[in-house]
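Asks: coords below, sequence missing:
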């Protein structure tokens, strides 16, 4: 069992989630928790080297600390993309070695990279030479039918020799053929003990466990074994789960914000974004879970999802949504 340093900035993280953890989502999560470590959606090297860099990398300074997750497998391209990330103010560069989708496989990166630890080590070296901020890895524990702990142990050992000191372990295998990305998050069994064993075998490394974790009590239990815990879809669908993270895991003395406090700040944020020409629904789609578990939350979600109301760009939509929260759940 490892002792966990309070100073570890990644004690609690929100996972990089495609189509979800964009800048609006991260701004929202930062209002709930000041210290939770946040990640971008995965951004491919091609999108940065040949696309609109600002569209992919611009974010509000209030979101920090934020890590940029990259997808790629060519060391030179990753080094250039990592440099962009550092220049735009990100606090960490994370390499995706865990995504099992066929689209990612066609690009020869994601989870299939676990079968090429030497290449991943070269990628890490190239990025570390290019930037001064930490370079980290997010990976699975195995690929397809390779379930032996020695596989992930040797993978981590090889990458650690290249200078990586932080590993985010999604404690499931990645099934590259036959399962969808959604099924890959649910069907392969969770093996948290593999992450625990990695911490035992590599005590100097920072090991963060990810996969199926829903409550702060679970977070606390995992932190007795590893250095950090990454929440995924629970943090998105039930974002207020993050409200007690700062006091419970980072020693903050500040009172947790109420949902009302958060909503008021979100309305101000929406007003600013409307002034920039942002579609209101691009923000509100991330806010549907704010009142998760509160009576009437179904009505809140329904109003904030109404395309006609959103197209009107009228912030009174929040007032209307709130009226449902005063009703009994069975009426809504």
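Replies: Happy to help now that I have it. None of the values given here were measured: they were computed from a predicted structure.
Asks: can you give me the helices in the stretch 151-300 of the chain?
Replies: 181-184, 192-201, 216-222, 233-237, 245-249, 259-275, 280-284, 297-304 (DSSP state H, counting those that start in this stretch).
Asks: what residues does the shortest one touch?
Replies: In other words, helix 181-184. Here helix 181-184 makes contact (CB atoms under 8 Å, 6 or more residues apart in numbering) with 99, 100, 101, 172, 174, 175. C-beta here means a position set from N, CA and C on the backbone, and glycine is covered the same way.
Asks: Can you give me the domain assignment for this protein?
Replies: Here the domain assignment for the chain is 12-249, 259-326, based on automatic domain parsing.
Asks: Could you say which of those is packed most deeply?
Replies: Of those, the one with the most neighbours on average (mean count of other CB atoms under 10 Å) is domain 12-249, at a mean of 19.
Asks: Now that we have the domains of the chain, can you turn them into CSV and tack on mean pLDDT?
Replies: Converted to CSV, the domains of the chain look like this (pLDDT from 0 to 100):
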stretch, mean pLDDT
domain 12-249, 95
domain 259-326, 96
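Asks: Would you map the strands across the stretch 51-200 of the chain?
Replies: With strands called from DSSP state E, counting those that start in this stretch, the stretch 51-200 of the chain shows them at 66-71, 92-97, 135-139, 142-143, 166-170, 173-174.
Asks: got the angle for the third one vs strand 66-71?
Replies: Angular relation of strand 135-139 and strand 66-71 on a 0 to 180 degree scale: 60 degrees, by axes from the mean of the first three to the mean of the last three CA atoms, to 10 degrees.
Asks: Strand 135-139: how far from the chain's middle?
Replies: Centroid displacement of strand 135-139 relative to its chain, using CA atoms, centre = their mean, to the nearest Å, is 12 Å.
Asks: which residues touch it?
Replies: Contacts for strand 135-139 (CB under 8 Å, 6+ apart): 16, 67, 69, 82, 92-98, 111, 114, 120, 124, 127-128, 152, 155-156, 159, 163-170, 210.
Asks: give me that answer again for 7 Å
Replies: With contact meaning CB atoms under 7 Å, 6 or more residues apart in numbering, strand 135-139 is reached by 69, 82, 92-98, 114, 124, 127-128, 155, 159, 164, 166-170.
Asks: next one: the fourth one
Replies: Contact partners of strand 142-143, identified using CB under 7 Å, 6+ apart, comprise 111, 114, 115, 151, 152, 173, 174, 176.
Asks: Let me know the closest of those to residue 226.
Replies: Closest to residue 226 out of those is residue 152 (13.8 Å), distances taken as CB to CB.
Asks: Find the nearest non-adjacent residue to that closest one, please.
Replies: Counting by CB to CB, 6 or more residues apart in numbering, the nearest residue to residue 152 once its immediate chain neighbours are dropped is residue 141, at 4.6 Å.
Asks: hang on, the earlier thing: export the helices of the stretch 151-300 of the chain to CSV and tack on distance to residue 310?
Replies: Compiled in CSV, the helices of the stretch 151-300 of the chain are given as follows (distance: least, CB to CB, whole Å):
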stretch, distance to residue 310
helix 181-184, 26
helix 192-201, 40
helix 216-222, 33
helix 233-237, 19
helix 245-249, 30
helix 259-275, 10
helix 280-284, 4
helix 297-304, 8
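Asks: Out of these, which is closest to residue 78?
Replies: helix 181-184 (22.1 Å).
Asks: Quick one: distance of the closest one to the chain centre.
Replies: 16 Å.
Asks: circling back: need the strands of the stretch 51-200 of the chain in CSV with distance to residue 56, can you?
Replies: Output for the strands of the stretch 51-200 of the chain, formatted as CSV (distance: least, CB to CB, whole Å):
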stretch, distance to residue 56
strand 66-71, 9
strand 92-97, 14
strand 135-139, 18
strand 142-143, 28
strand 166-170, 21
strand 173-174, 25
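Asks: Relative to residue 247, which of these is closest?
Replies: strand 66-71 (21.6 Å).
Asks: Adjacent strands (with direction) for that closest one?
Replies: Strand pairing for strand 66-71, using DSSP bridges, gives strand 37-44 (parallel), strand 92-97 (parallel).
Asks: neighbouring contacts of whichever helix or strand comes after the longest one?
Replies: The reference is to strand 37-44. Using DSSP states H and E, the next helix or strand after strand 37-44 towards the C-terminus is helix 45-50. Outside helix 45-50, the residues that touch it by CB under 7 Å, 6+ apart are 56, 70, 72, 74, 77, 78, 80, 81, 84.
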